[in-house]
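Enquirer: Okay, here's the prediction I keep looking at, along with the sequence it came from:
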Amino acid sequence: MATKIIMPKLGMAMSDGKVVKWLKEDGAEVKNGEPVVVVMSKKITYEVVAPADGIVRHVSHAKDTCGIGQVIGFITAPGEDVPQVEVDEKHPVTAPAEVPVTTEPVPPVAPVEKSPREEKSFPSSPAARRLARELGVDISQVACSGSRITETDVQCFYDEHAQISISPLARQMAEVEGLDITTIRGSGPEGKIIEEDILRALESAKPKAVAENVPFIGMRQAIAEQMVYSLQTMAQITLTTQVDVTELESTREALRARWERKVSYTDLLVKAVSVALGDHPLLGAKLEGEEIVMPDEVNVGVAVALEGGLIVPVVRHADQMTVPEIGAKISDLAQRARENALEVDEVTGATFTVTNLGMYGVDWFTPIINPPEVAILGVGRITEELALVNGQVAPRSKMALSLTIDHRIVDGAPGAAFLRTLAQLLEHPALIFAGGPALSKVEGRE
């Protein structure tokens, strides 16, 4: 029995995908688990593997757009017929055009007239070459009336094009650049168009630096649909606070020196968030129908800006990872995100998201929740401020945090409690590395 190859669902908001190319020819043998076709959503490209051993049979073709779950091919047994596929009205599959069969005689096709350049080159007489130089004619453009180009051929060509006087090199330059020589004013003797005239025409033909329109498709459209859906289906509010991260700065520098690698604030924030979620699991929950489903994992999404939009790779089980492991994972995910090489499970399944705009000089903002999550943390820049510390005025480093919550699931008080726990972790970074019990138990709070 034939086994279906279907268009996979590569994301929560994905409704259809495109067949990029088949890796196996129609009729080729394939083994179970072997890549057979490349498909693409609006955000990622993915290789679909064979679901069984057998013969690959194509249903969809390269560049076809197919709905989620739509059959794009089959794996059949040798000699087995390809099953019929129901037509998807919304995403019809284009089939190769069939050549009509006819018994009527086919009329002879008129020969295509070739330009002089398409004809094989002909020799030219010395007199023809001399006349061509005198008249400024490119002899390679002259049609041959016999076995070789003659003076008469050159003169006929000149008479036909006498209204435009142009040097051979200028004519060749114009042809290469695709310029219409009838629009160019010559500055040579008796108005002849020369090389300098072609260069001036090219300079004036350069397009002005203007902003180009950007098609509202692909990743940009997917982001728009997701964000509009988020705002239309959730009651979102944003809570803000400022955290003293003076000790966190010192800790970060000490870690960089000890591990001899770059440690970012995002690495430390993701670890701190994962610890805080242990105390406040409601911030990692999701709404399914009429039930609030509590998380069984702590998976933190980290927003990564791309040239064409935004993607959120996921650090899975962040609460079980060390800061160096988190840093290495974020670096790997970000790099492969920019190369469009992320797998499906690396961009799905987040229970909480962190987005950092501090490097752009932003303090406070209102991040939009990524469904089906119920919270997102926006991280602003670090500023230097004077503050009272043990009765003494001292410079301190302050970080701005903006927490957006879905008020249907998380009230203001639980959201504020999460922010307070996160602030304590960032202000006393030793707690981040305490491990084991949640912060409430470390501090003796139940």
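Expert: That came through fine.

Enquirer: and stretch 266-275, which residues are buried?
Expert: By neighbour count with 16 or more other CB atoms under 10 Å, stretch 266-275 contains the buried residues 266, 267, 268, 269, 270, 271, 272, 273, 274, 275. Glycine gets a C-beta too; all of them are placed from N, C-alpha and C.

Enquirer: pLDDT value on the closest residue to residue 293 other than its chain neighbours, please?
Expert: Spatial nearest neighbour of residue 293, excluding adjacent residues (CB to CB, 6 or more residues apart in numbering): residue 286 at 5.4 Å. We have a pLDDT of 94 for residue 286.

Enquirer: Likewise for residue 243?
Expert: On the pLDDT scale, residue 243 gets 96.

Enquirer: Helices of the stretch 51-200 of the chain, start to end?
Expert: 126-135, 151-160, 168-177, 195-205 (DSSP state H, counting those that start in this stretch).

Enquirer: Now tabulate these in CSV and tack on mean pLDDT and distance to residue 229.
Expert: Formatted as CSV, these follow (pLDDT from 0 to 100; distance: least, CB to CB, whole Å):
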stretch, mean pLDDT, distance to residue 229
helix 126-135, 80, 70
helix 151-160, 75, 66
helix 168-177, 70, 49
helix 195-205, 77, 46
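
Enquirer: Which among the ones you listed is found nearest to residue 408?
Expert: Nearest of those to residue 408, taken as CB to CB: helix 195-205 at 58.8 Å.

Enquirer: if we can go back for a sec, if I pick the residue nearest to residue 293, what's in contact with it?
Expert: Taking CB atoms under 8 Å, 6 or more residues apart in numbering, we find residue 286 in contact with 292, 293, 295, 351, 372, 373, 374.

Enquirer: Next: residue 417.
Expert: Shown in contact with residue 417 (CB under 8 Å, 6+ apart): residue 280.

Enquirer: Over to the one 3 residues further on?
Expert: Taking CB under 8 Å, 6+ apart as the definition of contact, the neighbours of residue 420 are residue 241.

Enquirer: try 10 Å this time
Expert: 241, 243, 276, 279, 280 (CB atoms under 10 Å, 6 or more residues apart in numbering).

Enquirer: Next one: the last one from residue 167, what distance?
Expert: I take that to be residue 280. Plainly put, residue 280 is 80 Å away from residue 167 if you go by CB to CB, to the nearest Å.

Enquirer: Could you work out the most separated pair of the buried residues of stretch 266-275?
Expert: Greatest spatial distance among the buried residues of stretch 266-275 (CB to CB): 266 and 275, at 15.0 Å.

Enquirer: Counting only helices, which of the contacts of residue 420 make the cut?
Expert: In helices, judged by DSSP state H, the following of those are found: 276, 279.

Enquirer: Of the contacts of residue 420, which qualify as buried by neighbour count?
Expert: 243, 276, 279, 280.

Enquirer: wait, doesn't the first one sit right on residue 400?
Expert: Yes - under the criterion of CB atoms under 10 Å, residue 243 makes contact with residue 400 at 8.1 Å.

Enquirer: joint contacts of the two?
Expert: With CB under 10 Å, 6+ apart as the test, residue 243 and residue 400 both reach 379, 382.

Enquirer: In terms of helices and strands, where is residue 426?
Expert: helix 412-427 (DSSP states H and E).

Enquirer: Quick check: residue 181 vs residue 166, distance?
Expert: 6 Å.

Enquirer: Can you show me the strands along the stretch 101-250 of the chain?
Expert: Ranges of strands within the stretch 101-250 of the chain are 236-244, based on DSSP state E, counting those that start in this stretch.

Enquirer: what comes up buried for stretch 15-23?
Expert: 16, 17, 18, 19, 20, 22, 23.

Enquirer: Figure out how far the helix or strand hosting the fourth one is from the centre of its chain.
Expert: Assessed by DSSP H and E, residue 19 sits inside strand 16-22. On the basis of CA atoms, centre = their mean, to the nearest Å, the separation between the geometric centre of strand 16-22 and that of its chain is 15 Å.

Enquirer: now swap in stretch 385-401 and tell me
Expert: From the chain centre to the centre of stretch 385-401 is a distance of 42 Å (CA atoms, centre = their mean).

Enquirer: now stretch 70-79
Expert: 31 Å.

Enquirer: For residue 232, give me the pLDDT.
Expert: Predicted confidence (pLDDT) for residue 232: 95.

Enquirer: Now do the end-to-end distance for stretch 333-343.
Expert: Length of stretch 333-343, first residue to last, CA to CA, to the nearest Å: 10 Å.

Enquirer: How far does stretch 363-381 sit from its chain's centre?
Expert: Taking mean C-alpha positions (CA atoms, centre = their mean), stretch 363-381 and its chain are 22 Å apart.

Enquirer: Out of the buried ones among the contacts of residue 420, flag the one nearest to residue 319.
Expert: Nearest member of those to residue 319, counting by CB to CB, is residue 276, at 9.8 Å.

Enquirer: any idea how far the closest one lies from residue 304?
Expert: Residue 276 is 22 Å from residue 304, by CB to CB.

Enquirer: okay, now residue 215: neighbour count?
Expert: By the measure other CB atoms under 10 Å, the count of residues near residue 215 is 8.

Enquirer: which residues sit in contact with it?
Expert: Counted by CB under 10 Å, 6+ apart, residue 215 has contacts residue 221.

Enquirer: Verify the contact between residue 233 and residue 368 for me.
Expert: No - contact criterion CB under 10 Å: residue 233 and residue 368 do not qualify, at 11.6 Å.

Enquirer: For the two, work out which one has more neighbours and name it.
Expert: Set residue 233 next to residue 368 and count neighbours by other CB under 10 Å: residue 368 wins out with 20 against 14.
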